Every structure is written in structure tokens, then in C-alpha cells.
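>>> Using only what follows, build the 3D model:
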Amino acid sequence: MKMRKLAALLLLALAAAACRESAAPAEPVRPTVSAVPAEPDAYGRLASPVTIRIGFKIPDSRLTTGDSNDNNPVSRYLEGLTNIKVVHYWEAKGDEAYFQRVQMALDSSDLPDAMVVDREQLERLIQADLIEDLTDVFEKYGSALIKEMYRSTGNEVLTDASRDGKLYGLPNVALQADSATLLWIREDWLNRLELSPPRTLDDIEKIAQAFVERDPDGNGKRDTVGISGYRNIVYGQKPHINGFDSVFNAFGAYPGNWIRNARGEIVYGSTEPETKEALARLADWYKRGLIDPNFPLYKETQEPIVANKTGIFFGPWWMPYFPLFEAVRSNTTAEWRAYAAPLNAEGRFVIHLAPPTDRFLVVRKGYAHPEAAVKLVNAFTRLERREDPNEAVRSLDDFAAQTGIQPRAYYPFDLLIDYSEGIERNYADLQQALHGKIDPALLRPETRLLYERWNRELEQPKKDLEGWKAVNSYRYGVGVLASTPSVKVKSVFSGVTKSMPGRWKELQKLESETFLKVIVGDTPLSEFDRFVQEWKRNGGDRITEEVRAAVGGS
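Take a look at the predicted model:
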């Protein structure tokens, strides 16, 4: 065991060295402003260069300009603006691999200067006294914009990132609109086969069967699939591409979340009878070929969507940004629409609300310039809101237009901070302007840009695919959410209890493996009952008691 651990640490050291020895970035673009910026502590350029080593999550987008993850128009712009050089201490592709890499960093105590962590990792770092107290740093250097966004949650996100009155990380803000899992469908296939839009589980089943059997793409081959899937089945607290969360929600099931059941008891949703019912329906769909038979095998879950092989998948409102952008870029005849489906037995659309925050930017204890992390977040949050006054921002717009890559894909930290209801507010203001009820010139910068793109898209559909992404996300994704009454269910607990570290990952693994095996038919549905007993025996009962004690109920 000692030799195995030594080998693992050696591999970590070699990987870190490789990252440190990457090619030096090109000369950064230095934005120019005509006067001292407002909030100089938040936005002023540091007098002397500072280097910050980070853990970087490689985005799904692919650079095609000869740039690299740590040397591209976005990184050069931010360095020129702040005088902070960002070095990728290590990189990992996608959420799952990224957080595994964070875990390895924790296990080896080889931390970068700053990185984004999940809730359990934050707790572990605090207990081990490995990260900086950011209370005073954030008070001095945090921008008024970010502080206002945190206040939109009632400062609940800051409470989640604090212990004993000390702030240990900068939290993201979960957009309320991100909570919903919508059903995305190839509308052109639906029309070609003369099918009605879906509302219920039975409707989805009928459409999926037609997409498998009736050659919806018209190529004379039976090569299309029904419903795409995610190999871990559900995302639980915050949905993403191909998760089946809304199918479970239609049954009154909330896997991955702590809820009150029909008897008023605090329980873990994955172990409830309603979850078993949803698994039975999904297993039946898979057996009949309505779910892509290869969904557990894809290296990246979006592959059949991008390849235009599927016409149905579940995902949040922003799917046109990714993966639909890539699918439509390769096939501009594709027309995708979102639906609030499936409805539950009472005909209502159920949404499980995401926690107000689920990740935190932390700074290694002993790092000499914790303000560097805060100033970078200030800079890219202002940029994301289209409130950056620098002329050089236009170069980033050009980069996005030429490549189809959103600048946010290459921000140093995957930490979206916005107003909790920012998407709904943008949509409401946009509709007011489009219907002539307010002057578009009075819109906030990001909403005004959306207004301009909306009109261009109406005049020349798909000519500007960069604009198409934003417009269709709002027109179809947010539009459906704004026009559909819904039942919103909130978890009673989203923190970390005393027994969770060291046990929770294994319990989650047991859950996802069981759900997958049941759906693909490797085990019978009765295996769910064995899973529940094993979950309880291996720490689930103990954790449930701790959650109930934390919430203050049975």
C-alpha cells in the first residue's frame, strides 16, 4: 500500500510539473480606460504582477484558433486588465473528472493557490485548516455587483460558505431557472411525422417510438434513436444534459435530495417507493428500445445529440448554448423546441429547486495574494454581465463570433455569479421591449444585447449562430418556463453532516450503479429494495438521523 501511495504521489508531482512547464502565454492585451476605474480596489490593475496557480476545468468547447486553455483571448484579456497571471497547476475535463482531481489534490495536500470545490470538499478543507479566511479580503476587494447578487439570495449563499462568522469561499449563485429539466425535441422530425407536441409520459413514449421506427431524418435508414440518456441517470440537485430528473419528478420522486415524504418524514428521496416506480418506467422504455441502447457507453453524454442521431433529450433552458449549437452548426435544418414535459398525474409540471449554491472558490492557506482570486472573479463577472467599460471587450465579441465559443468557457474559475432570478428578469424586460412597452435603450447592457440579437434572428434565422444560441435559449427555454405554471419542490437540507465525509461518495456510487443496472435490465426491479437496505446499513440511517437533527424534525 505504501508503494502504491508513493507511486500515486509521484504521478501527481509529474503532472503538476508538466502544467508548470507549459508554454508561456503571449503578451496580454491591456485594456485601456480613460480614467481611474470606479471601485479601484475591486477593478483596479495591480501595481506589480501577481501569479496565481489554479485547478482548471477544461470546457466542452474546442479551441480551433491555435490558442490553448491557458493562453487565449480571454486569459490574455484578464491578465492585461488585472496584472494577474493565471497558471494552470492542473487541468481536468468536465465536472466529474474535475472534482475527482480536486479530491486527489486534497488527499495529497498538494493544493493550487485557488480552485473551485464542492460542498463536501469545502467542509473538509475548513476542518483541515487548509484554506484562507476570506472575510476581510472579500469585504475590501469584492465588487458591489457581486455583493448585490449575493444579497439577491438573502445572503444565503454567504452563510453556506461561512463557519463561525468567517467566510471560507466565494460561492456561486444557482439561477432559479437552472432548476428545471425541460424536454427538448427535434420539431422538424415531429412535424415530418405529423406528431402532436408532448405533455405526458405516454406522449413522450409515443414520440420516441416513432423517432426510432419511422425514419424521422428521411435518409432511408433506421439509424436514429429515441431518448438520449446520462449514465448516472439523474443529477439530483442541479440538472444538466440528458438527466432523467423530470421523469422522476413526475412520479413525485426526488432522487439525490433530502425531502419530506407524504407522511411528513425527512427522508433521502432516492430510497422512496416513488423512485422505484420511475425506475420501472425507464426500464420499460429501455427494454423497448425507446432510450438510446448505447447511452451508458458514451465518453461524453452529448455525443448522439451533436451527431444529430437523437431527437429527444432532457436538459435545462440553456441547451442551445451547448450541445444544440454544435448540432445545429453541423445541420442547420435542425429545429429544436423545449416543452414542459412530462406532467404529473394531476397534469402539473414539477420542478425541484436547486440549492442556492453548490460550489465555492477557495484559496490555499498561506497564498500571499488572496485578493487576486477575488479580483479575477470581479473582472469576469462584470464582463459576463456586459458591464465592462473597456473597448478591448470587442475583441472577445469577435472571438466568440468567429469560433462560437463563449468567453465564459475560459474564465479561470467555473463560478457563475448572477442574480438568483436574473434569467426571469432578463426575459420579462426583453418581452417588454419587444412589445414596445419600454425603450430598449433603457435595458441593462446584457438584456439590450439579447434584444438586438433577437431582432436579427427574426430577420435572418441562423445567420449568426452566436446570436442564435442566446435567442433560442430564451425564446424556447425560458419562454416555456415563464408560460408554464409549475409545482416547485425544495430540499429540506443540502449541507454536509458529520458522517457524510468518507461515506457519501460510496453511497452515491451504490445508488447510481443500482439505478443503471435496473434500467438496462442487468438486475430486476426488486434489486431496488436490496439497494435501500444496503444504503441504510452502510451509513444511510446514521446520516438520515443527522440530517433530521440539523433540520430540527423527524
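>>> Now do stretch 534-548: everything it contacts.
Residues outside stretch 534-548 that contact it (CB atoms under 8 Å, 6 or more residues apart in numbering): 258, 266-268, 270-271, 492-493, 497-500, 503-504, 506-507, 510-511, 554. Backbone N, C-alpha and C define where each C-beta goes, glycine included.
>>> Show me what counts as buried in it.
Across stretch 534-548, burial judged by 16 or more other CB atoms under 10 Å covers 535-536, 539-540, 542-544, 546-548.
>>> Now do that stretch: distance from first to last residue.
Distance between the boundary residues of stretch 534-548 (CA to CA, to the nearest Å) amounts to 20 Å.
>>> who's the nearest residue to Arg348 once chain neighbours are set aside bridged to?
Sequence neighbours aside, Val487 is the residue nearest to Arg348 in space, at 5.1 Å (criterion: CB to CB, 6 or more residues apart in numbering). Counting by DSSP bridges, Val487 is bridged to Val350.
>>> how close does Val487 sit to Gln431?
To Gln431, Val487 is 24 Å away according to CB to CB, to the nearest Å.
>>> One more: Ser512?
Ser512 sits 40 Å away from Gln431, going by CB to CB.
>>> and which of the buried residues of stretch 534-548 is nearest to Thr332?
Trp535 (47.2 Å; CB to CB).
>>> helix or strand for the closest one, which one?
Trp535 belongs to helix 527-535 when assigned by DSSP states H and E.
>>> immediately after that helix, which helix or strand?
By DSSP H and E, the next helix or strand past helix 527-535 is helix 541-551.
>>> Now do that next one: distance to the chain's middle.
Here helix 541-551 is found 28 Å from its chain centre; the criterion is CA atoms, centre = their mean, to the nearest Å.
>>> Next: stretch 304-320.
Remark: stretch 304-320 is offset 15 Å from the chain centroid, using CA atoms, centre = their mean.
>>> okay, Leu10: pLDDT?
Leu10 carries a pLDDT value of 38.
>>> next one: the one 10 residues further on
Here the pLDDT value assigned to Arg20 is 39.
>>> buried ones in the helix holding Trp535?
Across helix 527-535, burial judged by 16+ other CB under 10 Å covers 528, 531-532, 535.
>>> circling back: could you dump the buried residues of stretch 534-548 into TSV with pLDDT added?
TSV is the format used below for those (pLDDT from 0 to 100):
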residue	pLDDT
Trp535	98
Lys536	98
Gly539	97
Gly540	98
Arg542	97
Ile543	97
Thr544	98
Glu546	97
Val547	97
Arg548	97
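>>> And those residues, which is closest to Phe295?
Each of these was scored against Phe295 by CB to CB, and Trp535 proved nearest at 24.1 Å.
>>> In the chain, where is pLDDT below threshold?
1-36 (pLDDT under 70).
>>> Now do the phi/psi pair for the residue positioned nearest the centre of it.
By CA atoms, centre = their mean, the chain has its centre lying nearest to His240, at 6.2 Å. Phi and psi for His240, reported as degrees, to the nearest 10, are phi -150, psi -160.
>>> contacting residues for it?
The contact partners of His240, by CB under 8 Å, 6+ apart, come to 95, 230, 315-316.
>>> how many neighbours does Ala373 have?
When counting by other CB atoms under 10 Å, one arrives at 31 neighbours for Ala373.
>>> ah, wrong one, I meant Ser483
8.
>>> now Glu459: how far from Val480?
Relative to Val480, and taking CB to CB, Glu459 is found at 23 Å.
>>> Looking at those two, which one has more neighbours?
Val480 (19 against 8).
>>> what's the nearest residue to that one if we skip its chain neighbours?
Ala338 (4.9 Å).
>>> Surely the one you found forms part of a strand?
Yes: with DSSP: H, G, I helix; E, B strand; the rest coil as the criterion, Ala338 is assigned to a strand.
>>> pretty sure it is touching Met319, no?
Yes: between Ala338 and Met319 there is a contact at 7.5 Å, judged by CB atoms under 8 Å.
>>> Identify the contacts common to the two.
Joint contacts of Ala338 and Met319 (CB under 8 Å, 6+ apart) are 182, 184, 477.
>>> So which of those is the closest to Val157?
Out of the shared contacts of Ala338 and Met319, the member with the shortest distance to Val157 (by CB to CB) is Gly477, at 23.7 Å.
>>> give me every residue that touches the closest one.
Neighbour list for Gly477: 182, 316-320, 338 [criterion: CB under 8 Å, 6+ apart].
>>> Now do it against His88, distance only.
32 Å.
>>> likewise Val374?
19 Å.
>>> Pick out whichever of those two has more residues nearby.
Taking neighbours as other CB under 10 Å, Val374 and His88 compare with Val374 leading, 25 against 20.
>>> That one contacts Asp136, correct?
No: judged on CB under 8 Å, Val374 makes no contact with Asp136 at a distance of 10.8 Å.
>>> what do the two both touch?
When CB under 8 Å, 6+ apart defines a contact, no residue borders Val374 and Asp136 alike.
>>> before we move on, the earlier item: now, which of the buried residues of stretch 534-548 sits nearest Leu353?
Val547 (17.4 Å).
>>> Spatially nearest residue to the closest one, not counting backbone neighbours?
Phe493 (4.9 Å).
>>> residues near that neighbour, how many?
Neighbour tally, Phe493, other CB under 10 Å: 18.
>>> give the contact list for it.
Listed by CB under 8 Å, 6+ apart, the contact set of Phe493 reads 258, 266, 547, 550-551.
>>> Please point out which parts of the helix or strand hosting Tyr150 sit buried.
Using DSSP H and E, Tyr150 falls within helix 144-151. In terms of neighbour count (16+ other CB under 10 Å), helix 144-151 has its buried residues at 145-146, 149-150.
>>> What segments of the stretch 401-550 of the chain are helices?
Assigned by DSSP state H, counting those that start in this stretch, the stretch 401-550 of the chain shows helices spanning 422-434, 445-459, 465-472, 479-483, 504-520, 527-535, 541-551.
>>> ok, back up a step: just the buried ones from the contacts of His240, in PyMOL syntax?
Those of these that count as buried under 16+ other CB under 10 Å are selected in PyMOL with:
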select buried, resi 230+315+316
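>>> Please flag which of the contacts of His240 sit within helices.
Mapping those onto helices (DSSP state H) picks out Asp95.
>>> what's the angle from the helix holding Tyr150 to helix 422-434?
With axes from the mean of the first three to the mean of the last three CA atoms, to 10 degrees applied, the angle from helix 144-151 to helix 422-434 works out at 110 degrees.
>>> Which secondary structure elements does the next helix or strand along the chain from helix 144-151 sit against?
Once the chain leaves helix 144-151, the next helix or strand it forms, by DSSP H and E, is helix 156-160. Applying 3 or more CB pairs under 8 Å, 6 or more residues apart in numbering; DSSP states H and E, one finds that helix 156-160 contacts strand 170-171.
>>> The strand it packs on packs against which elements?
On a contact count with 3+ CB pairs under 8 Å, 6+ apart, strand 170-171 meets helix 156-160, strand 359-363, helix 370-384.
>>> chain center to the last one, what's the gap?
Same thing as helix 370-384. The answer for helix 370-384 is 19 Å, by CA atoms, centre = their mean.
>>> Can you give the contact residues for it?
With contacts defined as CB under 8 Å, 6+ apart, helix 370-384 is touched by 42-43, 46, 50, 52, 78, 81-82, 84, 86, 113-114, 132, 134, 137-138, 140-143, 145-146, 149, 170, 361, 363, 388, 393, 396, 407-408, 411-413, 415-418, 446.
>>> Now a PyMOL select for only the buried ones of the residues you listed.
To isolate the buried subset of the contacts of helix 370-384 in PyMOL, counting by 16+ other CB under 10 Å, use the following:
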select buried, resi 42+43+50+52+78+81+82+84+86+113+114+132+134+137+138+141+142+143+145+146+149+170+361+363+388+393+396+407+408+411+412+413+415+416+417+418+446
